[in-house]
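Chemist: would you be able to build a 3D model of this:
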Amino acid sequence: MKKRILILCTGNSCRSQMAEGFLKSFDPDLEVFSAGTNPSSQVHPNAVKVMKEVGIDLSNNYPKNVDEFINQSFDYVITVCDNAKETCPVFMGKVKHQLHIGFEDPAEATGTEEEILNTFRRIRDEIKRDFYQFYINEKQKEEQ
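Modeler: Next up, the predicted model:
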């Protein structure tokens with residue numbers, strides 16, 4: 001049976017989109033969705049750019065409102081920003097586990113274009129590392 005995972009952020013424009021992309025790349029059998037408590041109008045162009053650098057295409061993704069998922073069941077609802085953690089809605093569907101795996105918001109980076117892109121790359125790499133660890137831990141639990 002496929003595991004269903006929802007990743008929540010405030011804007012659903014950077015961190016949650018990147019986490020969704022990585023989880024899908026780790027295991028195509030996972031059903032992964034991302035959403036925001038206050039979704040942006042588009043996926044951040046720098047998130048699309050730095051994910052493309054590692055072979056993951058987010059160009060067709062778009063921010064979604066968490067309300068679209070409120071009545072669905074998930075194995076995991078994972079918040080990736082403190083604001084979403086604090087404002088995470090009560091899900092009407094069954095949620096087996098709620099986790100928080102937090103990251104700095106790359107959209108708040110300042111500096112030159114290259115410095116900003118480097119912040120996006122650093123957060124991207126942190127998301128990959130932490131979500132890969134989450135994925136491996138879950139695979140090990142399944143095998144026990």
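Chemist: chain center to stretch 49-62: distance?
Modeler: Distance, stretch centre to chain centre, for stretch 49-62: 13 Å (CA atoms, centre = their mean, to the nearest Å).
Chemist: please identify the buried residues of that stretch?
Modeler: Using 16 or more other CB atoms under 10 Å as the burial criterion, the residues of stretch 49-62 that qualify are 50-51, 56, 58, 61. Glycine gets a C-beta too; all of them are placed from N, C-alpha and C.
Chemist: distance of Gln98 relative to Lys52?
Modeler: To Lys52, Gln98 is 31 Å away according to CB to CB, to the nearest Å.
Chemist: which of the buried residues of stretch 49-62 fall in helices?
Modeler: In helices, judged by DSSP state H, the following of those are found: 50-51.
Chemist: now the buried residues of stretch 49-62 as TSV including pLDDT?
Modeler: Output for those, formatted as TSV (pLDDT from 0 to 100):
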residue	pLDDT
Val50	98
Met51	98
Ile56	98
Leu58	97
Asn61	97
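Chemist: which one of the buried residues of stretch 49-62 sits closest to Gln140?
Modeler: Checking the buried residues of stretch 49-62 against Gln140 with CB to CB, the nearest one is Ile56 at 24.1 Å.
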